[in-house]
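Trainee: Model the structure of this input:
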Amino acid sequence: MCCGHQKAIYRASSLSTLVPDPEGRRTAPLRRVPKVSNRFRYTGATALTVHGPISGRIYRFERPGAALAVDPRDAPALAGVPGLQPVRGREE
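Mentor: This is a model prediction of the structure:
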């Protein structure tokens, strides 16, 4: 499986539909990816640099408490990074 296939999974707009595989067979439904905030706050002790796996963008959290807007395509992956917390609602 190449990285392009993973990007297609993140880009899927309707994650509950069946998609054909390269041989034209129907595959199992894709799992639903939970919606994640597009802003993240760093809760670690120093600084943190994260590479967005889909957009390729570099996110630099300069200090503890720093918050940044991220590309919505990168948000699900950044939600799994220790020390990064999604910013909810009007939190800032």
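
Trainee: so where's this structure uncertain?
Mentor: Along the chain, the model assigns pLDDT under 70 to residues 1-37, 90-92.

Trainee: Could you chop it up by domain?
Mentor: As assigned by automatic domain parsing, the chain contains the domains 1-32, 34-92.

Trainee: Roughly how far does Arg88 sit from Val81?
Mentor: Applying C-beta to C-beta, to the nearest Å, the value for Arg88 to Val81 is 17 Å. For glycine as for every other residue, the C-beta is placed from the backbone atoms N, C-alpha and C.

Trainee: more neighbours, those two?
Mentor: Neighbour comparison, Arg88 and Val81: the larger count goes to Val81, with 15 against 9 (by other C-beta atoms under 10 Å).

Trainee: Next up, identify which helix or strand the spatially closest residue to the more buried one that is not a sequence neighbour is on.
Mentor: In this structure, Val81 finds its nearest non-sequential neighbour in Val50, 5.8 Å apart by C-beta to C-beta, 6 or more residues apart in numbering. In this structure, Val50 sits in strand 48-51 according to DSSP states H and E.

Trainee: For the nearest residue to Val87 once chain neighbours are set aside, give me its contacts.
Mentor: What sits nearest to Val87 in space, not counting adjacent residues and going by C-beta to C-beta, 6+ apart, is Arg39, at 3.9 Å. Residues in contact with Arg39 (C-beta atoms under 8 Å, 6 or more residues apart in numbering) are Ala67, Leu68, Ala69, Val70, Pro86, Val87.
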